[in-house]
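Undergrad: would you be able to build a 3D model of this:
(chains A and B)
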Amino acid sequence: MGCRARIVCVGNRLVAGDNAGPRVHDHLVRRRLPAGLEVVDGGLAGLNLLRLAEGARRLVFVDQVRGFAPPDAVVVLTREAALAGGGAAGFGHGGGLGYLLAALPAACEGPLPAVRVVGLEAPCTGAAVARAAALALAAAVPQARS
Amino acid sequence: MSRRKTLDIPLNRTEGDLELRVEVHDNIVVDAWSRGTMYRGFENMLLGRGALDGLVVTPRICGICTTTHLMAAAKALDAVAGVTPPDNARRLRNLALMTEHVQSDLRQALLMFMADFANPAHKGLALYDEAVARYAPLRGTSAVEAIRQTKKILEIIAVIGGQWPHASFMIPGGVTHRPGAVEILNCRMVLRRFRQWYEDQILGCSIERWREVASAADLEAWLDASEAHRDGDVGFFIRFAGAIGLDAVGAGHGTFLSFGSLDMPDATAVPGRGATLLPAGFAAGIEVQPFDGAAVAEHCGHSWFEGAAHPQHPFASQTVPYASGEEQDRYSWIKAPRYRERPAETGPLAEAVVAGDPLFRDLIAAAGPNALARQLARLVRPATLLPAMETWLDELAADDNGGHYQSVASMPDGEGAGLIEAARGALGHWVRIRDGRIAHYQIITPTSWNASPRDDAGVRGPWEEALIGCEVRDAGNPVELGYVVRSFDPCLVCSVHTLEGGRSRGRVRLGV
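TA: Numbering: from 1, shown residues only, chains lettered A, B, ... in the order given. Sure thing, here's the model as predicted:
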């Protein structure tokens, strides 16, 4: 767990409406990544992804979002902004990212990493996936951008 | 004239692909319809793929039961290949599955079911303030600790599987990864800490003391015996659930099904009566009959699927969506599985009844099935699983020559079934291999049993039936319906989960 930053891509690669995160994952792992960065296909692991929050200084989730931006846009949200919709009030079997984000401060052992959510609005075209990959990389390793 | 309105309650908390329609007369539910609103069709995704692809595809059906689907898929392929995994492979598979079970049991109980104890509907109750302090989402003491503890035990699956997430370590014939002595020791330490938390906070006593509770009278005496018993989460659950009458709702059909699970190693100190730690069987009341896999059939008369003239066994049935009309009759994207033409509930309570657990047999004999007993069975199932996990880890540490793989040179053509107990009950995968490819795949999940719509004879599914007679005190906050359904631990979601700017929740349609 000695990495400086971790990008966790969330979603089900087998379901067309939920595979944006895995597509960004596949886009990222095809390129040379900066040292100290891990890219993880988080699948549907939901609350179980808490383990990945520990030990990283920066944590970036990539997932499909709804209602944050125009169609096919990519947004970068803070944890607080991602939770602003209030969807994390209960625990869902889907292990929603909202609940995971809300649970982080209480459940994360050790220092809480800086968290960002890179969200893709449908339809998540190839261009949006590439944009999301670049934004995730920039959020995880800011110095890599320069 | 009937007037209908739609109310939102968080049946599935955030996902909203379960809908209930209930008909209420004088505040009492007189009829109910359970609708799965999402077509999934993973079976069709598998057709024509390579023989082993179910090992990769089916764990992605659900974000919680990944190991469970992997186990069912692997066992189905074991059957096709005609191979029996060696002792240590059975131990390792079982340990991963049991880890998923105990994690799920306690998350469901403390984060989902008991979260409703903090519902404002209970404000007048003497225990309400304490319930809020314990179970309010994301801040209740028990809720937060449950998140932390259930996060840690996952390390056992990561070690056994060799990676996390997507640990695809089960294959026909055994497992791909044999943990070393240090890794097993690490698992043992993780398990020891988890058991300590379970005994200290959840039970308020040792597992050995809890297992002395063998009747309703014993349960009452146990509760009175110690402040620690009353203050543990099990004790609090019994006190609160009793106070709100959960022992008087949610009866259902009184029929129970367990596919049996957790293959016993040939040489083990874990006590068991047969080939599996959790026995297979069907029970009407507490009368248990041997399980016959040929007696499972799927009805489609009220589902949005094409169906044959007669119910079909999963080796014969198909998953072909059919949603062109017949809205009056067809109302769910879930089929109606039946055992000997009867609906059956499945889950920890069914496992306990089929296994002859004296406490739950006594509770059922005395008062019939109900939401309290059903949820209690889930909350205390780890007391059965954790000691067996410890023993199997010890046996792995003592003997790393037990074998972890029985060679399967190539997958032959044939058919096989992988029938196990998932956290929520009976799970079956039925696969047929032809020319090295998947020619047929059918999956029946536990929620398909519990949330099934009416069958071809018009008989309600288990939780449709369990809702009948339930009082709805406040149509604006029908928390009682949530308790009944959630006591079955519904799991319909998991395949689509987007983070939403607004909330999306299950709906209950009340005809008032």
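Undergrad: low-confidence stretches in the stretch 51-200 of chain B?
TA: Along the stretch 51-200 of chain B, no part satisfies pLDDT under 70.
Undergrad: what about the longest helix in chain A?
TA: helix A:126-140 (DSSP state H).
Undergrad: in that helix, what's buried?
TA: Of all the residues in helix A:126-140, those buried under the rule 16 or more other CB atoms under 10 Å in any protein chain shown are A:Ala128, A:Val129, A:Arg131, A:Ala132, A:Ala133, A:Ala134, A:Leu135, A:Ala136, A:Leu137, A:Ala138, A:Ala139, A:Ala140. Quick note: C-beta positions are derived from backbone N, CA and C, even for glycine.
Undergrad: any idea of the pLDDT on the second one?
TA: This points to A:Val129. Residue-level confidence at A:Val129 comes out at 98, pLDDT.
Undergrad: how much space between B:Gln201 and B:Ala133?
TA: Distance from B:Gln201 to B:Ala133, counting by CB to CB, to the nearest Å: 14 Å.
Undergrad: and the strand or helix carrying B:Tyr483, what does it pack onto?
TA: In this assignment (DSSP states H and E), B:Tyr483 forms part of helix B:479-486. The contact analysis (3 or more CB pairs under 8 Å, 6 or more residues apart in numbering or on different chains; DSSP states H and E) places helix B:479-486 against strand B:18-25, helix B:371-380, helix B:462-467.
Undergrad: show me the strands in chain A, by range?
TA: Here chain A has its strands, by DSSP state E, at A:5-10, A:37-43, A:58-66, A:74-78, A:114-121.
Undergrad: need the winner for burial among the ones you listed.
TA: Most buried of these, by mean neighbour count (mean count of other CB atoms under 10 Å in any protein chain shown): strand A:5-10, with a mean of 28.
Undergrad: picking that back up, of all the strands of chain A, which lies closest to B:Asp435?
TA: Evaluated over those, closeness to B:Asp435 peaks at strand A:37-43, with 30.5 Å, by CB to CB.
Undergrad: who does the closest one pair up with?
TA: Note on strand A:37-43: by DSSP bridges, its sheet partners are strand A:5-10 (parallel).
Undergrad: picking that back up, what's the angle from the longest helix of chain A to strand A:58-66?
TA: With axes from the mean of the first three to the mean of the last three CA atoms, to 10 degrees defining the directions, helix A:126-140 sits at 150 degrees from strand A:58-66.
Undergrad: CA atoms of stretch B:123-133 as CSV?
TA: Coordinates of each C-alpha in stretch B:123-133 appear next as CSV, following Å, rounded to 0.1, in the frame of the first residue of the first chain:
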residue,chain,number,x,y,z
LYS,B,123,-39.9,8.1,18.0
GLY,B,124,-42.3,7.2,20.8
LEU,B,125,-40.4,4.1,21.7
ALA,B,126,-38.3,4.0,24.8
LEU,B,127,-35.4,2.4,22.9
TYR,B,128,-35.6,4.9,20.1
ASP,B,129,-32.8,7.3,21.1
GLU,B,130,-30.4,4.4,21.7
ALA,B,131,-31.4,3.0,18.3
VAL,B,132,-30.4,6.3,16.7
ALA,B,133,-27.2,6.3,18.5
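Undergrad: contact partners of that stretch?
TA: Counting by CB atoms under 8 Å, 6 or more residues apart in numbering or on different chains, stretch B:123-133 makes contact with B:Met114, B:Phe117, B:Ala118, B:His122, B:Gly140, B:Thr141, B:Phe236, B:Arg239, B:Phe240, B:Ala243, B:Ile244, all of which sit outside it.
Undergrad: ok, now with 7 Å
TA: B:Phe117, B:Ala118, B:His122, B:Gly140, B:Thr141, B:Arg239, B:Phe240, B:Ala243 (CB atoms under 7 Å, 6 or more residues apart in numbering or on different chains).
Undergrad: just stretch B:269-282 next, same as before
TA: Against stretch B:269-282 from outside (CB under 7 Å, 6+ apart): B:256-264, B:288-291, B:339, B:344, B:351, B:354-355, B:388, B:391-392, B:421.
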